[in-house]
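Engineer: Output the structure for:
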Amino acid sequence: MTDWTSGYVADIGYTYGYYTELNPLRARFALLNKGLVCPEFKTACELGFGQGLSTVIHAATSATHWYGTDFNPSQAAYAQELAASAGVNANLFDEAFADFAARTDLPEFDYIGLHGIWSWISDENRKVIVEFIRKKLAVGGVLYISYNTQPGWASFAPMRHLMTEHAEVIGAAGRGIINRVDDAIEFAGKLLATNPMFARANPLVVDRIQKLKAQNRHYLAHEYFNRDWHPMHFATMADWLEPAKVQFACSAAFHESIDALNLTREQQTFLNEIPDPMFKESVRDFMVNQQFRRDYWVKGVRKLSSLEQAELLHKERVVLTTMREDVPMKVTGSLGEADMSPIVYTPLLDMLADYKIKTIGQVEAALKDQGIQLAQLLNALQILIGNGSVQLVQEDAVIHKAKKTTEKLNSYLKNKARGSAEANYLASPVLGGGFSLNRFQQLFMLAIESGMKQPDAWADYACQLLTALGQKIIKEGKTLETPAENLAEMQAQAKLFAEKGLPLVKSLQLL
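Structural biologist: Sure thing, here's the model as predicted:
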């Protein structure tokens, strides 16, 4: 009998995550910031879309026509249901990569995205994907791909292999993958407690096993327990993608691309002496012990003149998406935590504190008298966008057009939140992407939409739903047992949402 899973974990669904790096607005900003030409994204495709939340949100919030496939039929069904709920412009399938690539009704794509899936599939499937990119990525088109990377996984790879072997050999199939994951992690902990030579040679492995215990089991099953699992050096990835005729453009992880946060001066000097940009990326991965890469590649990289770059960057629009007082004034890189200079960040954040959309050109003009140059501004925005405090904004005409579909999609997601906490994102027409809102915040929005005006009423509404389902709030790992405890906690969260969540929700046209 044919194994349709091809060794991939399929007996539980993937997490309901949203991945902002897949947002074409982010790709455009990253390329412009590097001085590279970015195409207009009319068509896009996500390969291995999981539950499809990113694909559907991006389809609902933009004028881009999205396609995609995920071989797991239950996940594809959920994605199709999401898309249908909003009437979005998306063609989503439950086909294996080879079957999807063989379709004759697919257009050329301006943008193709893969999040994580590259590391969990066979070489045969990788060949299919590369050929798909070669044939279907338009000239000038952008590829986003993320993957587990060496050397960051070098010390843990043997332990991962041992845990997978335990799940296959010792774990009983009838117990299900979640129990087998738990058993494998417990076994690894017991093994490390014997202080084996492997642990002494790789002391960070103990800490990583401890962190695994607290992580989502659905994520762990897909991340660690597939038959195929191949962390890959950057140079190896470049070799794989060479037949697709794409060239490395830049990182999609904004914090990781800022040298001052991740490299010592000595390391920066050493890197700058390396003439080959691709080899430089490989060496940089060793300096930071890179574990996961998120990159943009382009089929036919073209450079902008400095004038063209400045003009296009000036047109990019941004908005503050965190309450001004809650924006962290520290940033973490490979070198540890660093302070964000108040000379630059204070006036920048003060200007954005009205939560109104502004172009980078407007921001630069307003801050020029304070001696803040465009390069400093762009560096600061990279950090603020990277930590989610600021986000990119799409054009007014697209916002207006997307409003109807996002309202339908968000209505579907909020109604789902009455029964579960699966999807903690809603679609913002302003951002052209997702915005994180937890289950209770979505319930508060439902209460507001039904006419309730006070936070206590929102809390009552949410608590009644939980009570009807026999559910209780878990706070700091402990279940709140009494109705009074649950109501008090819900009231506190409702008041916090009224003070800090509601202004953002309104500015992003989520309510």
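
Engineer: contacts, neighbours, all on C-alpha from now
Structural biologist: Noted.

Engineer: Now tell me which helix or strand of this protein has the poorest mean pLDDT.
Structural biologist: The helix or strand with the lowest mean pLDDT-type score in the chain, counting by mean pLDDT, DSSP states H and E, is helix 217-224 (a mean of 67).

Engineer: Next secondary structure element downstream of that one?
Structural biologist: Stepping forward along the backbone from helix 217-224, the first helix or strand reached (DSSP states H and E) is helix 234-241.

Engineer: what packs against that next one?
Structural biologist: helix 277-288 (3 or more Cα pairs under 8 Å, 6 or more residues apart in numbering; DSSP states H and E).

Engineer: Tell me the gap between the helix it packs on and the middle of its chain.
Structural biologist: With Cα atoms, centre = their mean, to the nearest Å as the basis, helix 277-288 stands 23 Å off its chain's centre.

Engineer: just stretch 54-69 next, same as before
Structural biologist: 15 Å.

Engineer: Which parts of the stretch 401-511 of the chain are strands?
Structural biologist: 425-428, 433-436, 474-475, 478-479 (DSSP state E, counting those that start in this stretch).

Engineer: Give the pairing partners of the last one; include direction for each.
Structural biologist: Right, strand 478-479. If you go by DSSP bridges, strand 478-479 pairs up with strand 474-475 (antiparallel).

Engineer: nearest to Ser251, of the strands of the stretch 401-511 of the chain?
Structural biologist: Minimum separation from Ser251 across the strands of the stretch 401-511 of the chain (Cα to Cα) falls at strand 433-436, 19.2 Å.

Engineer: Show me what that closest one is packed up against.
Structural biologist: Short answer (3+ Cα pairs under 8 Å, 6+ apart): strand 433-436 packs on helix 53-60, strand 425-428.

Engineer: looking at those, which is buried most?
Structural biologist: helix 53-60 (a mean of 29; mean count of other Cα atoms under 10 Å).

Engineer: which element is Ile145 on?
Structural biologist: Judged by DSSP H and E, Ile145 forms part of strand 137-148.

Engineer: Taking helix 234-241 as reference, get the angle to that strand.
Structural biologist: 140 degrees (axes from the mean of the first three to the mean of the last three Cα atoms, to 10 degrees).

Engineer: Please compute how far strand 137-148 lies from its chain's middle.
Structural biologist: Using Cα atoms, centre = their mean, the mean C-alpha position of strand 137-148 is found 16 Å from that of the whole chain.

Engineer: Can you list the buried residues in the helix or strand following that strand?
Structural biologist: Next in sequence after strand 137-148, counting helices and strands by DSSP H and E, comes helix 157-169. Buried positions in helix 157-169, judged by neighbour count with 16 or more other Cα atoms under 10 Å: 157, 159-160, 163-164, 166-168.

Engineer: and of these, the nearest to Ile258?
Structural biologist: Nearest to Ile258, judged by Cα to Cα, of the buried residues of helix 157-169 is Ala157 at 27.7 Å.

Engineer: What separation do you get for that closest one and Val205?
Structural biologist: Distance of Ala157 to Val205, given as Cα to Cα, to the nearest Å: 10 Å.

Engineer: With Gly336 instead?
Structural biologist: 20 Å.

Engineer: next one: Glu311
Structural biologist: 48 Å.

Engineer: In terms of neighbours, single out the busier of those two.
Structural biologist: Ranked by neighbour count (other Cα atoms under 10 Å), Glu311 and Val205 place Val205 first, with 18 against 13.

Engineer: For that one, grab phi and psi.
Structural biologist: phi -60, psi -40 (degrees, to the nearest 10).

Engineer: so it sits right up against Ser155, yeah?
Structural biologist: Yes - contact criterion Cα atoms under 8 Å: Val205 and Ser155 qualify, at 7.1 Å.

Engineer: And stretch 236-256, how far out from the chain middle?
Structural biologist: With Cα atoms, centre = their mean, you get 18 Å for stretch 236-256.

Engineer: End to end on that stretch, go ahead and measure it.
Structural biologist: One end of stretch 236-256 sits 20 Å from the other (Cα to Cα).

Engineer: Rounded mean pLDDT for that stretch, please.
Structural biologist: The average pLDDT for stretch 236-256 rounds to 96.

Engineer: which parts of it are buried?
Structural biologist: By neighbour count on 16+ other Cα under 10 Å, the buried set for stretch 236-256 is 241, 244-256.

Engineer: What about these, which are in helices?
Structural biologist: Leu241 (DSSP state H).

Engineer: can you redo the buried residues of stretch 236-256 as JSON lines with distance to Pro429?
Structural biologist: Output for the buried residues of stretch 236-256, formatted as JSON lines (distance: Cα to Cα, whole Å):
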{"residue": "Leu241", "distance to Pro429": "33"}
{"residue": "Ala244", "distance to Pro429": "33"}
{"residue": "Lys245", "distance to Pro429": "33"}
{"residue": "Val246", "distance to Pro429": "31"}
{"residue": "Gln247", "distance to Pro429": "31"}
{"residue": "Phe248", "distance to Pro429": "30"}
{"residue": "Ala249", "distance to Pro429": "27"}
{"residue": "Cys250", "distance to Pro429": "26"}
{"residue": "Ser251", "distance to Pro429": "25"}
{"residue": "Ala252", "distance to Pro429": "21"}
{"residue": "Ala253", "distance to Pro429": "23"}
{"residue": "Phe254", "distance to Pro429": "23"}
{"residue": "His255", "distance to Pro429": "25"}
{"residue": "Glu256", "distance to Pro429": "28"}
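
Engineer: Which member of the buried residues of stretch 236-256 is positioned nearest Glu95?
Structural biologist: Nearest member of these to Glu95, counting by Cα to Cα, is Ala244, at 21.5 Å.

Engineer: Can I get the helices and strands packed on strand 433-436 in TSV including distance to Ala44 and mean pLDDT?
Structural biologist: Listed next are those as TSV, based on distance: least, Cα to Cα, whole Å; pLDDT from 0 to 100:
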stretch	distance to Ala44	mean pLDDT
helix 53-60	9	97
strand 425-428	18	97
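
Engineer: need those in a markdown table with distance to Met323, can you?
Structural biologist: Shown next, in a markdown table, are the helices and strands packed on strand 433-436 (distance: least, Cα to Cα, whole Å):
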| stretch | distance to Met323 |
| --- | --- |
| helix 53-60 | 23 |
| strand 425-428 | 17 |
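
Engineer: pLDDT score assigned to Asp295?
Structural biologist: On the pLDDT scale, Asp295 gets 97.

Engineer: wait, it sits on Phe254?
Structural biologist: No - contact criterion Cα under 8 Å: Asp295 and Phe254 do not qualify, at 10.2 Å.

Engineer: burial count for the nearest residue to Asp259 once chain neighbours are set aside?
Structural biologist: Take Asp259 and drop its neighbours on the chain: the residue closest to it by Cα to Cα, 6 or more residues apart in numbering is Gln268, 7.1 Å away. Gln268 has 15 neighbours, counted by other Cα under 10 Å.

Engineer: list the helices and strands the helix or strand encompassing Gln268 packs on?
Structural biologist: Assigned by DSSP H and E, Gln268 belongs to helix 265-272. Applying 3+ Cα pairs under 8 Å, 6+ apart, one finds that helix 265-272 contacts helix 277-288.

Engineer: Can you name the next helix or strand after the helix it packs on?
Structural biologist: With DSSP H and E, the next secondary element past helix 277-288 is strand 292-298.

Engineer: Perfect, that will be all.
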